[in-house]
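Enquirer: mind looking at a prediction? Sequence and model below.
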Amino acid sequence: MKPSLNTQRRRAFCVYMARGFPPEEAARKAGFGAGDCGMQSAALLGDAKVRRSIARLRKELSFGAPASLARAGLERIALGDAAGALPLLSGEGGPASTADLFHVAEVRLPKGGGVEIKFCDRLKALSLLAELDGGEQNAAGSLLAALARSTQAPADDPRAEDGADG
């Protein structure tokens, strides 16, 4: 018998939570509606069965091979939502409140005021994930190399500053 869609979403929510995603993002990734992810995640975390499932999955992950933990972190950097650092920019309560700083590599507070945030490199994370899958230069590796070149080409091209079309 196939599990219901709601059961599948609950399981996915538990997996995302065990892998370290914030509750709202875990609910969104699990397929709950974008508008009510906060309410859904609160309701799910209020269920003792869900909390036990998350705890069991976290324990399994902590006893897992370091490669699986590294993969989970790299997948989160490469594919996850980095908007959790936005409270830092808006000045809403600072990092101790709701800010999810997983994607943040560095935070600076310049003397002139403001905040400088350096994020982890998504392309580098994708490249490392490709290396974990075999290290060979396959189609995914070629795509990543092309993406990396395309991000650097406009900055290296002097015509880009002049507005010349080519």
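Expert: Received the coordinates, thanks. Numbering: from 1, shown residues only.

Enquirer: give me phi/psi at Leu101?
Expert: phi -100, psi 20 (degrees, to the nearest 10).

Enquirer: my bad, Ala26
Expert: Torsion angles at Ala26 (phi, psi; degrees, to the nearest 10) stand at phi -60, psi -40.

Enquirer: I'd guessed it sits against Gln40; true?
Expert: No. With contact defined as CB atoms under 8 Å, Ala26 and Gln40 do not form a contacting pair (9.6 Å). Where C-beta positions appear, they are placed from N, C-alpha and C, glycine not excepted.

Enquirer: of these two, who's got more company?
Expert: More crowded of Ala26 and Gln40, by other CB atoms under 10 Å: Ala26, with 25 against 22.

Enquirer: can you check the pLDDT for the closest residue to the more buried one other than its chain neighbours?
Expert: In this structure, Ala26 finds its nearest non-sequential neighbour in Tyr16, 3.6 Å apart by CB to CB, 6 or more residues apart in numbering. Tyr16 carries a pLDDT score of 87 in this model.

Enquirer: what about Tyr16, neighbour count?
Expert: As a burial measure, Tyr16 scores 23 neighbours (other CB under 10 Å).

Enquirer: contacts only, for it.
Expert: 25-26, 29-30 (CB atoms under 8 Å, 6 or more residues apart in numbering).

Enquirer: right, I'll call it a day here.
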